[in-house]
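Asks: Here's a sequence, model it:
(2 chains)
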Number of protein chains: 2
Amino acid sequence: MSRRAEPVPDLVARALGGEVRAVARLISLVEDESPLLREVMAALAPHAGRAHVVGITGSPGVGKSTSTNALVAELRSVGRRVAVLAVDPSSPFSGGALLGDRIRMQDHDSDPDVFIRSMASRGHLGGLAWSTPQAIRVLDAAGYDVVVVETVGVGQSEVEIAGQADTTLVLLAPGMGDGIQAAKAGILEIGDLYVVNKADRDGAEQVRRDLRSMMTLSERSEGAWRPPVLTAIAQKKLGLDEVVVEIDRHRAWLESSGELDRRRVRRARTEIETIALTELRRRWGDVGRAGLDDLARQVVAGTTDPYAAADRLLAGD
Amino acid sequence: MSRRAEPVPDLVARALGGEVRAVARLISLVEDESPLLREVMAALAPHAGRAHVVGITGSPGVGKSTSTNALVAELRSVGRRVAVLAVDPSSPFSGGALLGDRIRMQDHDSDPDVFIRSMASRGHLGGLAWSTPQAIRVLDAAGYDVVVVETVGVGQSEVEIAGQADTTLVLLAPGMGDGIQAAKAGILEIGDLYVVNKADRDGAEQVRRDLRSMMTLSERSEGAWRPPVLTAIAQKKLGLDEVVVEIDRHRAWLESSGELDRRRVRRARTEIETIALTELRRRWGDVGRAGLDDLARQVVAGTTDPYAAADRLLAGD
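Replies: Numbering: from 1, shown residues only, chains lettered A, B, ... in the order given. The predicted model follows:
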């Protein structure tokens, strides 16, 4: 495994040709927050925008990896090229992501049209908000039809990741907490599609009924998307065919309603902002006349307040 | 409940005098992201920095509310004035915070030296990273000896909140997942103090042993703080006396080692940055020659890339 630097145009050309190792290398650049990314993203820009980005989220224990795996198999059976990006917002310290990769790879190991990759947050400004859209762009430009972004459902990160997807699939399972928990976690607002996994277990029907009645109660305007509630047994690869049908139906709605474009513009806004803020933060870290450290010391001493300090930071004096 | 605007200097004076309704009003201003905060924080700045900020975190189910409650009782028994700030990073949509307040208030309802308040994230830039330090400053300036910041342990938010505290207490319980889970969640890096709650349950001793051996294995430099692992049964108010002893011992170490100042400077840095970034984001939202929306549309169309767009945003052209 040579790490000798390959010129960016060559690397990009190979990734655009769908070469797996080049794709993997580009995603490593994203993870490493490489300075080369600027050049990479400029080269990829004209080639992105075709893939359908499906976010999958849910609490630990609902069977996310198994469901993603089964969904990939179903998507392959209808001829789609699929990339899976498993993002782990739970910890900047975790080394768990890679382990997950190896376990997951087994099923699709020999399939050149499936690409699976984990990404952990480095805990920097923006974190996954910074790296996820860039990794999606790489996979999109490399010609995958569907990019599945799988994330552990942990509150705010969950909502963030939902912002990255065209279609957000929320996974639930019986015994994982009642409807109030679901409402509290905010998942009723983020899903385009709900799947009750482990549908052969006690309580699955109740979860499905609860969800459906909550969906019915929530007001939606004319022509709005009404999130379907499906059931599946991912372990036995059951129910995923209908999930794919609904993903496609949602995609069609996104296009006809203009919502696809709105979501993508919103996503691009966030991405641009995050890059700009990262750059500013880098500048502020530099020692200067009113260096951030100095200002922070003054705040701690009580000789200034954080608003006045922020003003001085922005004024650069 | 009159919402008639009271002049900030009067409100601040009453809060500095420890008047509970004024303190509550100031925290509402923080939650509402009021433009008055600039004036409020300037007025509070010289009066803050005395309180000890204790962060309490742990997964759902470890008994966080009960433990916080028991800790408050213990702190009261040794004469400390205590404020509790329960932050809920799990959802910008949640209405659950207030319910929690009411349940928790019962124990300390008639005690004027206990202040309990929940705060939910509005999901704006910075979220709790923006509001938590401001709420802490209010409580600190109002003369509470200890400000307990309680948060649901959800990965990155957990780590964020740890950054806000002088002393971070990580709560665990038997049956809440094994050591690998703990390691994965990154909690072994953030705790200054570990408390195994529900110590009368099966498996508690195992959790304590696992944690202790993990602590022993992790390398620490000379003079570094070695996080103690304690046990408690919060429901029966057992073990909290030792927790308070260890919190005080940690405070003494923070002061003697210079770490208290380092942590507070780091906290102030983050706070200043967050305010500055919020201000920039507000400016960028305004329609201009190279409005953010325009740039986002170009990124979606593939005619520019997010880095080039960020450059233009920063250049303001």
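Asks: which helices and strands sit right next to the strand or helix carrying A:Asp140?
Replies: Per DSSP states H and E: A:Asp140 is located in helix A:128-141. Counting contacts by 3 or more Cβ pairs under 8 Å, 6 or more residues apart in numbering or on different chains; DSSP states H and E, helix A:128-141 packs against helix A:8-16, helix A:20-31, helix A:37-44, strand A:82-88, strand A:114-120, strand A:146-152, helix A:156-162, helix A:259-285. C-beta coordinates here come from the backbone N, C-alpha and C atoms, glycine included.
Asks: least reliable of these going by mean pLDDT?
Replies: The minimum mean pLDDT among the helices and strands packed on helix A:128-141 belongs to helix A:156-162 (a mean of 56).
Asks: now the helices and strands packed on helix A:128-141 in a markdown table, with mean neighbour count and distance to chain B?
Replies: Shown next, in a markdown table, are these (neighbours: other Cβ atoms under 10 Å in any protein chain shown; distance: least, Cβ to the nearest Cβ, whole Å):
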| stretch | mean neighbour count | distance to chain B |
| --- | --- | --- |
| helix A:8-16 | 18 | 12 |
| helix A:20-31 | 19 | 12 |
| helix A:37-44 | 21 | 4 |
| strand A:82-88 | 25 | 8 |
| strand A:114-120 | 22 | 10 |
| strand A:146-152 | 25 | 7 |
| helix A:156-162 | 24 | 5 |
| helix A:259-285 | 19 | 4 |
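Asks: Out of those, flag the one nearest A:Arg50.
Replies: strand A:146-152 (10.2 Å; Cβ to Cβ).
Asks: What is that closest one packed up against?
Replies: The elements that strand A:146-152 packs onto, with contact taken as 3+ Cβ pairs under 8 Å, 6+ apart, are strand A:52-58, helix A:64-77, strand A:82-88, helix A:128-141, helix A:156-162.
Asks: who wins for proximity to A:Pro46 among these?
Replies: Among the helices and strands packed on strand A:146-152, the nearest to A:Pro46 by Cβ to Cβ is helix A:128-141 (8.6 Å).
Asks: as a whole number, average confidence for the closest one?
Replies: 89.
Asks: Tell me how far that helix lies from the chain's centre.
Replies: Centroid separation for helix A:128-141 versus its chain: 8 Å, with Cα atoms, centre = their mean, to the nearest Å.
Asks: so who does A:Arg208 touch?
Replies: Contacts were defined as Cβ atoms under 8 Å, 6 or more residues apart in numbering or on different chains; by that measure A:Arg208 touches A:196, A:199, A:229, A:231.
Asks: which one of those residues is nearest chain B?
Replies: A:Val229 (19.0 Å; Cβ to the nearest Cβ).
Asks: Tell me how many other residues crowd the closest one.
Replies: Counted by other Cβ atoms under 10 Å in any protein chain shown, the residues lying close to A:Val229 total 22.
Asks: State the pLDDT value of it.
Replies: You'll see A:Val229 listed with a pLDDT of 94.
Asks: ok, it - contacts?
Replies: Taking Cβ under 8 Å, 6+ apart as the criterion, A:Val229 is in contact with A:194-196, A:208, A:211-212, A:215.
Asks: Let's see which of those end up in helices.
Replies: A:208, A:211-212, A:215 (DSSP state H).
Asks: Now the buried members of these.
Replies: Burial by neighbour count, 16 or more other Cβ atoms under 10 Å in any protein chain shown: within these this picks out A:208, A:211, A:215.
Asks: which residue packs closest to A:Val62, ignoring adjacent ones?
Replies: With sequence-adjacent residues excluded and distances taken as Cβ to Cβ, 6 or more residues apart in numbering or on different chains, A:Val62 is closest to A:Ala173, at 4.1 Å.
Asks: can you give me the end-to-end distance of stretch A:191-206?
Replies: One end of stretch A:191-206 to the other measures 19 Å (Cα to Cα, to the nearest Å).
Asks: tell me which residues of it are tucked away?
Replies: Within stretch A:191-206, the residues scored as buried using 16+ other Cβ under 10 Å are A:191-199, A:204.
Asks: Tell me which two in the contacts of A:Arg208 are the farthest apart.
Replies: Using Cβ to Cβ, the contacts of A:Arg208 span at most 11.1 Å, a distance reached by A:Ala199 and A:Val229.
Asks: Let me see the contact set for A:Leu171.
Replies: By Cβ under 8 Å, 6+ apart, the residues touching A:Leu171 are A:56-58, A:62-64, A:67, A:195, A:197.
Asks: Looking at those, which gets the smallest pLDDT?
Replies: Lowest model confidence among the contacts of A:Leu171 falls on A:Gly58, which carries 82.
Asks: and it, what is it in contact with?
Replies: Contacts of A:Gly58 by Cβ under 8 Å, 6+ apart are A:64, A:153, A:170-173, A:197.
Asks: Now a PyMOL select for only the buried ones of those residues.
Replies: To isolate in PyMOL the members of the contacts of A:Gly58 that are buried, counting by 16+ other Cβ under 10 Å, one can use:
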select buried, chain A and resi 64+153+170+171+172+173+197
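Asks: tell me which of the contacts of A:Gly58 is nearest to chain B?
Replies: Nearest to chain B out of the contacts of A:Gly58 is A:Gly153 (Cβ to the nearest Cβ; 9.2 Å).
Asks: And the pLDDT for that closest one?
Replies: A:Gly153 carries a pLDDT value of 55.
Asks: quick one on the thing from earlier: now tabulate the helices and strands packed on helix A:128-141 in TSV and tack on distance to B:Leu11.
Replies: Formatted as TSV, the helices and strands packed on helix A:128-141 follow (distance: least, Cβ to Cβ, whole Å):
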stretch	distance to B:Leu11
helix A:8-16	57
helix A:20-31	47
helix A:37-44	48
strand A:82-88	43
strand A:114-120	44
strand A:146-152	42
helix A:156-162	30
helix A:259-285	32
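Asks: Now do the same contact list for A:Asp200.
Replies: A:Ile233.
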